[in-house]
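A.B. asks: Take this sequence and fold it.
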Amino acid sequence: MKDSARQRLKNQVAIVTGASSGIGAGVAKALAADGAAVVVNYSSSSAGAEKVVQEIKDDGGCAMAIKADVSQEDQVQRMFSQVKDQFGTFHILVNNAGLQKDAAFVDMTLDQWQYVLGVNLTGQFLCAREAAREFIRRGVQPEISTAAGKIICMSSVHELIPWAGHANYAASKGGVMLLMKTIAQELAGYKIRVNSIGPGAIKTPINHEAWETEEAANQLLTLIPYNRIGEPRDIGEAAAWLASDESDYVHGITLFVDGGMTLFPGFRANG
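C.D. replies: Next up is the predicted model:
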């Protein structure tokens with residue numbers, strides 16, 4: 001981080017939900033490397049969150065950890081109040097918190113369905129709503145950014161690609177796609193930019209079984225035309241760009257960072 005000459009997010013404060021590991025941790029570190037002070041949100045892993053905070057501080061950045069279950073309105077509102085108490089305001093929200101509870105559709109319980117939708121979709125609604133309220137209240141600070149605020153929703157290639165055995169997860173990401181586009185349409189007039197990132201296969205704890213052995217990794221690579229599995233830093237770099245003024249005219253899109261997974265590689269040989 002100390003070697004980075006970029007400071008595109010200098011004097012900005014970013015909240016990254018679900019940032020104690022995996023993609024969220026990668027995003028938090030990338031935003032900090034670009035000059036942002038970062039709030040590392042976590043739900044259960046305080047040790048993981050504090051590790052991310054310490055790594056950012058060790059590299060000369062500014063970070064703090066805040067516990068909140070994003071599916072719970074009172075906890076979300078308390079987190080955003082804590083951020084404003086600490087920093088006065090904030091400029092970037094990365095709605096990253098997400099999880100899986102997989103089951104065949106006919107075996108899926110209502111609890112499994114609601115749990116995933118609660119975090120992956122309702123959590124994004126609650127956090128984006130609080131962010132939008134603050135961005136509208138504060139307005140544009142031209143010396144900080146050309147936008148009043150930036151909201152980045154973490155979606156998935158599965159907002160587009162059906163995924164048998166994961167109906168709750170795929171439904172949540174399809175919902176994120178239209179939530180993002182709808183609030184982008186609604187908030188544009190306030191100079192609030194809203195976009196999504198759609199990761200493909202990324203090496204994180206949530207999917208370690210898909211890449212931890214050579215056999216599993218080779219099977220996964222058949223779905224990735226670019227022939228490598230992504231790393232959290234790939235998503236972090238995309239998030240840093242979307243949060244910066246370099247992408248000021250980018251609004252209401254899903255940026256797929258997937259090595260070509262959405263190209264439906266099964267059809268490379270004409271089906």
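
A.B. asks: mind checking which helix or strand of this structure has the lowest mean pLDDT?
C.D. replies: helix 214-221 (a mean of 92; mean pLDDT, DSSP states H and E).

A.B. asks: Just the buried positions in stretch 123-142, please.
C.D. replies: Gly123, Gln124, Phe125, Leu126, Cys127, Ala128, Glu130, Ala131, Ala132, Glu134, Phe135, Arg138 (16 or more other C-beta atoms under 10 Å). All C-beta atoms are positioned from the backbone trio N, CA, C, and that covers glycine.

A.B. asks: which residues of the stretch 51-200 of the chain fall in helices?
C.D. replies: Here the stretch 51-200 of the chain has its helices, by DSSP state H, counting those that start in this stretch, at 73-87, 110-117, 123-138, 167-187.

A.B. asks: if we compare those, which one ends up closest to Ala243?
C.D. replies: helix 123-138 (12.4 Å; C-beta to C-beta).

A.B. asks: quick one: which two of the buried residues of stretch 123-142 are the most distant?
C.D. replies: For the buried residues of stretch 123-142, the maximum inter-member distance is 23.0 Å, found between Gly123 and Arg138 (C-beta to C-beta).

A.B. asks: that older thread, I'd like the helices of the stretch 51-200 of the chain written out as JSON lines, with distance to Asp34 and mean pLDDT added.
C.D. replies: Shown next, in JSON lines, are the helices of the stretch 51-200 of the chain (distance: least, C-beta to C-beta, whole Å; pLDDT from 0 to 100):
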{"stretch": "helix 73-87", "distance to Asp34": "17", "mean pLDDT": "98"}
{"stretch": "helix 110-117", "distance to Asp34": "31", "mean pLDDT": "98"}
{"stretch": "helix 123-138", "distance to Asp34": "19", "mean pLDDT": "98"}
{"stretch": "helix 167-187", "distance to Asp34": "22", "mean pLDDT": "98"}
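
A.B. asks: Number of residues surrounding Leu179?
C.D. replies: By other C-beta atoms under 10 Å, the residues close to Leu179 number 21.

A.B. asks: Contact partners for it?
C.D. replies: Leu121, Gln124, Phe125, Ala128, Cys153 (C-beta atoms under 8 Å, 6 or more residues apart in numbering).

A.B. asks: swap in Ala210?
C.D. replies: With C-beta under 8 Å, 6+ apart, Ala210 has these contacts: Ala201, Ala216, Ala217, Leu220.

A.B. asks: one more time with 6 Å
C.D. replies: Residues in contact with Ala210 (C-beta atoms under 6 Å, 6 or more residues apart in numbering) are Ala216, Leu220.
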